[in-house]
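Participant: The sequence and its predicted three-dimensional model are supplied below.
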Amino acid sequence: MAALAWLLIPLVAAIAAGLWGSWANRTRKVRGDGPELDGYARFRAAMEKSDSGARGA
């Protein structure tokens with residue numbers, strides 16, 4: 001009986017993980033890459049503008 005319990009624990013954990021994963025993903029909306037690309041463009045523009053003068057070590 002103890003061996004059956006040890007086999008059921010991972011099974012119950014896997015089922016719980018699947019349920020939690022589906023619950024956690026329920027409100028996730030598909031969105032494009034727009035915000036990430038806009039942020040990257042701002043980052044590149046800021047890096048091109050800044051020149052701290054600390055070249056080399």
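Facilitator: Nice, thanks for sending it over.

Participant: Okay, buried residues for the helix or strand bottoming out on mean pLDDT in the chain please.
Facilitator: Lowest by mean pLDDT, DSSP states H and E among the helices and strands of the chain is helix 34-49, with a mean of 89. Within helix 34-49, no residue is scored as buried using 16 or more other CB atoms under 10 Å. (Each C-beta comes from the backbone N, C-alpha and C, glycine too.)

Participant: Touching that helix from outside, list them.
Facilitator: Contacts to helix 34-49, defined as CB atoms under 8 Å, 6 or more residues apart in numbering, come from no residue at all.

Participant: mind running it again at 10 Å?
Facilitator: Asp33 (CB atoms under 10 Å, 6 or more residues apart in numbering).

Participant: so how far is it from its chain's centroid?
Facilitator: Remark: helix 34-49 is offset 21 Å from the chain centroid, using CA atoms, centre = their mean, to the nearest Å.

Participant: Mind exporting the C-alpha coordinates of it to PDB?
Facilitator: Coordinates of each C-alpha in helix 34-49 appear next as PDB, following Å, rounded to 0.1, in the frame of the first residue of the first chain:
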ATOM      1  CA  GLY A  34       5.000  46.100 -30.800                       C
ATOM      2  CA  PRO A  35       5.700  47.200 -27.200                       C
ATOM      3  CA  GLU A  36       9.000  45.200 -27.100                       C
ATOM      4  CA  LEU A  37      10.200  46.600 -30.400                       C
ATOM      5  CA  ASP A  38       9.300  50.100 -29.400                       C
ATOM      6  CA  GLY A  39      11.200  49.700 -26.100                       C
ATOM      7  CA  TYR A  40      14.200  48.300 -28.000                       C
ATOM      8  CA  ALA A  41      14.100  51.200 -30.500                       C
ATOM      9  CA  ARG A  42      14.200  53.700 -27.500                       C
ATOM     10  CA  PHE A  43      17.000  51.800 -25.900                       C
ATOM     11  CA  ARG A  44      19.100  51.900 -29.100                       C
ATOM     12  CA  ALA A  45      18.400  55.600 -29.600                       C
ATOM     13  CA  ALA A  46      19.500  56.300 -26.000                       C
ATOM     14  CA  MET A  47      22.700  54.200 -26.400                       C
ATOM     15  CA  GLU A  48      23.600  56.000 -29.600                       C
ATOM     16  CA  LYS A  49      23.100  59.400 -28.000                       C
END
